[in-house]
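1. sequence and predicted structure below; questions after.
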Amino acid sequence: MHMKINVTLPDGSVRNYDAGTTAMDVAKSISEGLARNVLAAKVNGEVRDASCPLPGDCTLALLTWNDTEGKSTLWHSSAHLMAEAIEALYPGTKFGIGPPIENGFYYDIDLGDRTIGEGDFAAIEAKMKELAGKKSAYERREVPKADAIAYFTEKGDEYKLELLEGLNDGDITFYSQGNFTDLCRGPHIPDTSFIKAAKVMSVAGAYWRGDEKRKQLTRLYAITFPKQKELDEYLVLLEEAKKRDHRKLGKELDLFTFSEKVGAGLPLWLPKGTALRERLVNFMKKAQEESGYEQVATPHIAHKDLYITSGHYEKYGKDSFQPIFTPHEGEEFLLKPMNCPHHCEIFKSRPRSYKDLPIRYAEFGTVYRYEQSGELHGLTRVRGFTQDDAHLFCRPDQVKEEFMKVIDLVLLVFKALDLKDYEAQVSLRDKEDRSKYIGSDENWEKAESAIIEAAAEKGLKTVVEYGEAAFYGPKLDFMVKDALGRRWQLGTIQVDYNLPERFELEYVGSDNLKHRPVMIHRAPFGSLERFVAVVIEHTAGRFPLWLTPEQAILLPISDKYVDACNDVARVLKSCDIRASVDERNEKIGRKIRDAELAKSPFMLVIGEKEAAEGNVSVREHGQGDLGTMSPQAFAELVNARVREQLGSL
């Protein structure tokens, strides 16, 4: 009599199979069409090869290209396929690591004295297509450590040998397909035939294991798809993304710049960019003031002991800017990497009662974190940035209510910027291993329940991830899709039991005993720099009317009407409209074209007729002629649009 196992599918149905059944067998029992699309399997929450026997009674999700883990598995397998192609084209290549990433994958390789450039990409793609067509199976096998060392010693691949040093005997697996074998945990797709289209995207340098003191390897980025049509659509999307690149638009729109003399990763905000940034700051300050926040300000440097107390020095010290030494022997200061330790000291500056709570401190605080030069990228990865930081100190029974209020703030931001496609990730403790978390089970359970209930009551679309909580508390991360469908993390809310403990924060409860407050960290924008970059790319530089640095530009048909334009600009300013005058000695057609390129929302043309009547001829960006109207009527049109965008905000 064969042993039977019960397999629970995502819809809750339970199917009965013989022991030894694989996920692919289950797929075939449901539908041959499904089986043809299965890339991997999620067994008891762990992604595995679809060809592996199921471990007994289990939960099973069959992963296809439509699943994030399915895409990741195909891209991981594609990295191995690209490695096989490179080894065929460049014999003797040594291989570092080749993981999947958000869009595609990369492999770090050592070509010796050879190089790979864009001119070589087509040959690599062709070889990948040729190898994929062979339908080579990805075969997994467990390998004793001694045998693994022997294999890569004979091959002369010191990078794999170094990776083996950190692995225990019995935990080592190889994957082979075609003529290529790699040290790998997996999982992988069934065979290479699932990979129908490949594109090598770029080449860069990358230090081995991220260490600037180690050898610089060649990092080859690529992406693959199960259909050529999907690759074609992706490349069209990339072209659109290039047009929206915040570095390109930031320069064209005069928003920000960088200077080698100032230093890499330290943006300089130009007048228009500063105006946009300040509008975001004022928007948030107004919302915070209405929600009971108090603004505080803290210095850009602090004594090293502050960050030792907070734990940040231990965690980030090696990757931070070097200490600042004073003439006083042994005195060390650090550039501020976080605002929260400073806010803890403000809370601690005087005795607190339960009646004082919650206390909500907010600060647009600039912080500094060292990023390697190769990791810097426009405004999204910088070394100095400003956070819309706030820290709430509350009682355990207040956590849920405060969490809901912070969710309201985040959603307020999304609404104002027309960010409609988002989901919230609820990050909770590991179900099994609780040893890595601090704080009592009781407090954790309260906080986790509060987050889940708050998200549910706000009607958020959520995903729950166990084991993703910070060691000091659960959190809620907002993942937003922009106009091109790219995912960005914008807005984080974290519960923290750690810092109140480290700083010995206390309040006197209604029982006249001392208690630790719970701390909530929140930053709806995250960093202003990164947020502005996302907004630029999401809107393609056509900012919402309430946010744009310049709402209208006045275009005199000739020099004779410059004074009339300046008079109108003053009227508009008195009506809270941001407008400027193009006084250049250019033809009106050129001025209109330039204003369109600069994405000015409105162009106000003044000639003889308009000047005589005290009106303006209005053109809207991307819409054309709106007719002639008075400056006051135009101001009301703009202000009505702004009210519509912001609603009751």
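-> Nice, I can see it.
2. please make it C-alpha for all contacts and neighbour counts, starting now.
-> OK.
3. flag the shaky bits of this protein, pLDDT-wise.
-> Within the chain, the stretches with pLDDT under 70 are 1-2, 316, 318-319, 648-649.
4. show me the domain layout of it.
-> 4-64, 69-237, 268-297+337-539, 301-335, 552-646 (automatic domain parsing).
5. how far is the longest one from where the chain is centred?
-> So the one you mean is domain 268-297+337-539. Remark: domain 268-297+337-539 is offset 15 Å from the chain centroid, using Cα atoms, centre = their mean, to the nearest Å.
6. returning to what we had before: any chance of the domains of the chain in JSON lines, plus mean neighbour count and distance to Glu252?
-> Formatted as JSON lines, the domains of the chain follow (neighbours: other Cα atoms under 10 Å; distance: least, Cα to Cα, whole Å):
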{"stretch": "domain 4-64", "mean neighbour count": "18", "distance to Glu252": "42"}
{"stretch": "domain 69-237", "mean neighbour count": "18", "distance to Glu252": "21"}
{"stretch": "domain 268-297+337-539", "mean neighbour count": "18", "distance to Glu252": "11"}
{"stretch": "domain 301-335", "mean neighbour count": "15", "distance to Glu252": "32"}
{"stretch": "domain 552-646", "mean neighbour count": "17", "distance to Glu252": "7"}
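7. quick one: which of those domains is nearest Leu253?
-> In terms of Cα to Cα, the element of these nearest to Leu253 is domain 552-646, at 6.0 Å.
8. show me what the strand or helix carrying Val535 is packed against.
-> If you go by DSSP states H and E, Val535 is part of helix 528-539. For helix 528-539, the elements it packs on are helix 228-244, helix 246-252, strand 384-394, judged by 3 or more Cα pairs under 8 Å, 6 or more residues apart in numbering; DSSP states H and E.
9. how about CSV for the domains of the chain, with distance to Lys243 added?
-> Converted to CSV, those look like this (distance: least, Cα to Cα, whole Å):
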stretch, distance to Lys243
domain 4-64, 32
domain 69-237, 10
domain 268-297+337-539, 9
domain 301-335, 34
domain 552-646, 12
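10. quick one, which of the ones you listed is nearest to Lys261?
-> Relative to Lys261, the nearest member of these by Cα to Cα is domain 268-297+337-539, separated by 11.4 Å.
11. what about the closest one, start to end distance?
-> 22 Å (Cα to Cα, to the nearest Å).
12. closest to Lys251 out of the domains of the chain?
-> Nearest of those (Cα to Cα): domain 268-297+337-539, 9.8 Å.
13. point out the other helices and strands that the lengthiest helix in the chain packs with.
-> Secondary structure of the chain per DSSP state H: the longest helix is helix 68-89. Contacts defined by 3+ Cα pairs under 8 Å, 6+ apart place helix 68-89 against strand 100-101, strand 104-110, helix 121-132, strand 180-183, strand 216-225.
14. that helix to helix 121-132, inter-axis angle?
-> 110 degrees (axes from the mean of the first three to the mean of the last three Cα atoms, to 10 degrees).
15. other residues contacting helix 68-89?
-> 39-40, 47, 63-65, 93, 95, 98-102, 104-107, 124, 127-128, 131-132, 177-180, 182, 187-189, 192, 194-195, 223-224 (Cα atoms under 8 Å, 6 or more residues apart in numbering).
16. check stretch 313-324 too.
-> Lys304, Tyr307, Ile308, Glu332, Phe333, Leu334, Leu335, Pro337, Tyr368, Arg369, Tyr370, Glu371.
17. next one: stretch 223-237
-> For stretch 223-237, contacts defined as Cα under 8 Å, 6+ apart pick out 65, 74-75, 78, 103-105, 194-201, 484.
18. from the chain's centroid, how far away is it?
-> Worked out by Cα atoms, centre = their mean, stretch 223-237 lies 22 Å from the chain centre.
19. where along the stretch 351-500 of the chain do the strands fall?
-> Using DSSP state E, counting those that start in this stretch, the strands found in the stretch 351-500 of the chain span residues 359-368, 384-394, 422-428, 462-466, 475-481, 487-496.
20. distance of Leu484 from Asp576?
-> With Cα to Cα as the criterion, Leu484 and Asp576 are 33 Å apart.
21. ignore what I typed, I meant Met479.
-> 34 Å.
22. now swap in Glu620 and tell me
-> For Glu620, the distance to Asp576 - Cα to Cα - is 19 Å.
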